[in-house]
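# Would you be able to build a 3D model of this:
(one chain, ligands or ions: 2)
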Amino acid sequence: MLIQLTPSATAEDIHGIQILLDHLGQVNCLFESNHKKMIGLEKGLKDDQIKMILQLKGIEKIHALTTPYKLASIAFKKERTVIQARGVAIGGNKIVLIAGPCAIESKKQLSAITQKLRNTKTSIIRASAYKPRSSPYSFQGLNEEGLKIHKEVQKEHRMPIETEVTDIRDVAIVAEHVDIIRIGARNMQNFDLLKEVGKAKKPVILKRGLSATVEEWLLAAEYIMMHGNPEVILCERGIRTFETSMRNTLDLSSVALVKQLSHLPVIVDPSHAAGRKDIIPAISKAAIAAGADGLLIEVHHNPTAALCDGKQALLIEELASLSVDLEKIAIAIGRSL
Ligand code: PEP
Ligand code: MN
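Residues are numbered from 1 along each chain as shown. Ligands and ions are numbered 1, 2, ... in the order given. This next block holds a predicted model:
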């Protein structure tokens, strides 16, 4: 349940509503999202309780939502969300290709890759400055220096850029430097980080956690949305299963399902799902056919020398030839690339 308040609801009105909710044993939470004041309830309300609440001042509408996530739900917002990032629409008819290296290694590396990507269907450049690695001995990223390089290359090539934020203290500086903030799989349930990007004024790519259920993933999106940021792009990147021949198991069913459950755009990262480049073309095509609104793919101009995830990086030429097939699939399902 979600109680939407009128724009003119006073503090006194809201207090009165919350006293009644407390009396009814309803855990409730007042928040403002997208310039609308709301009170979210974990549990449902009975018909007589709804009648009682509707008699109070300050209520515009009660959204009878049965899912634990509310703002992210298709029952709350019927029209699909289309997110703009520096002129690129994500979630519209056109499928978006986001590509770039796993990590920013140097200005020379990012410039060389971006220069080549400009001649492909890529419309947003991915690259990480902060690298949460499984091993503390692996390359950890260029951090703030990397952000500066990302921004410089963005200015030179005029392409929107995205990067991961891993620490609540870096959200402001990351939001200042890039067009889209990414929350990595390992941080999907870092609730303080989700709340902080909820306050940012930039779209957020929210990766599905390694072992997160679809419901947990949508609840993570809800954290960002209820803290003020409605621009969430969900990203399926494979989940942990018993299978070890691939890095993760790409759960394409979740893409089809989440597109039914939520109005938010859904993209797929085949690179971290596979962990090996040979199957990336096949699963990328399948992702588009399953309804993904975009792909997040790792590429490198010299994968054997990559400081991170070289094994799964496509050459830019390979991405270009893959996009010929992706476009055919997009057209077959009434979309474009
Ligand atoms: C990434 O996209 O750079 C990354 C680390 O992916 P994930 O968070 O999905 O592991
Ligand atoms: Mn990577």
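# Could you list the domains of this structure?
In terms of domains, the chain is parsed into 2-63, 83-332 (source: automatic domain parsing).
# of those, which approaches ligand 1 most closely?
For the domains of the chain, proximity to ligand 1 was assessed by C-beta to the nearest ligand atom; domain 83-332 is nearest, at 3.0 Å. All C-beta spots, glycine's among them, are computed from the backbone N, C-alpha and C.
# element containing the residue nearest to residue 32 when sequence neighbours are not counted, please.
Of all residues not flanking residue 32 in the chain, residue 228 sits nearest, at 6.8 Å (C-beta to C-beta, 6 or more residues apart in numbering). Using DSSP states H and E, residue 228 maps to neither a helix nor a strand.
# Could you double-check that residue 228 sits in contact with residue 37?
No. The pair residue 228 / residue 37 is not scored as a contact, 11.7 Å apart, by C-beta atoms under 8 Å.
# packing partners for the longest helix along the chain?
The longest helix of the chain (DSSP state H) is helix 316-332. Applying 3 or more C-beta pairs under 8 Å, 6 or more residues apart in numbering; DSSP states H and E, we find helix 316-332 packed against strand 96-100, helix 107-117, helix 280-289.
# Show me which of the ones you listed has the highest average neighbour count.
Highest mean neighbour count of these: strand 96-100, a mean of 26 (counted as mean count of other C-beta atoms under 10 Å).
# avg pLDDT for it?
Taken as a whole, strand 96-100 has a mean pLDDT of 98.
# Same check on stretch 315-331?
In the prediction, stretch 315-331 has an average pLDDT of 98.
# Just the CA trace of it, in PDB.
Below are the C-alpha coordinates for stretch 315-331, written out as PDB (Å, rounded to 0.1, in the frame of the first residue of the first chain):
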ATOM      1  CA  LEU A 315      37.600  -6.700 -29.500                       C
ATOM      2  CA  ILE A 316      35.800  -3.500 -30.800                       C
ATOM      3  CA  GLU A 317      35.700  -5.100 -34.200                       C
ATOM      4  CA  GLU A 318      33.900  -8.100 -32.700                       C
ATOM      5  CA  LEU A 319      31.400  -5.800 -31.100                       C
ATOM      6  CA  ALA A 320      30.800  -4.100 -34.400                       C
ATOM      7  CA  SER A 321      30.000  -7.400 -36.200                       C
ATOM      8  CA  LEU A 322      27.800  -8.600 -33.300                       C
ATOM      9  CA  SER A 323      25.800  -5.400 -33.600                       C
ATOM     10  CA  VAL A 324      24.800  -6.300 -37.200                       C
ATOM     11  CA  ASP A 325      23.100  -9.400 -35.800                       C
ATOM     12  CA  LEU A 326      21.700  -7.500 -32.800                       C
ATOM     13  CA  GLU A 327      20.100  -5.000 -35.100                       C
ATOM     14  CA  LYS A 328      18.400  -7.800 -37.100                       C
ATOM     15  CA  ILE A 329      16.900  -9.200 -33.900                       C
ATOM     16  CA  ALA A 330      15.800  -5.700 -32.800                       C
ATOM     17  CA  ILE A 331      14.000  -5.100 -36.100                       C
END
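# Can you point out the buried residues in that stretch?
Residues 316, 318-320, 322-323, 326-327, 329-330 are the ones in stretch 315-331 that count as buried (16 or more other C-beta atoms under 10 Å).
# and what of stretch 117-136?
117, 120-131.
# And it, how far out from the chain middle?
Relative to the centre of its chain, stretch 117-136 is centred 15 Å away, using C-alpha atoms, centre = their mean, to the nearest Å.
# Helices of the stretch 1-150 of the chain, start to end?
Using DSSP state H, counting those that start in this stretch, the helices of the stretch 1-150 of the chain run over 11-23, 47-54, 107-117, 143-157.
# Cool, thanks, signing off.
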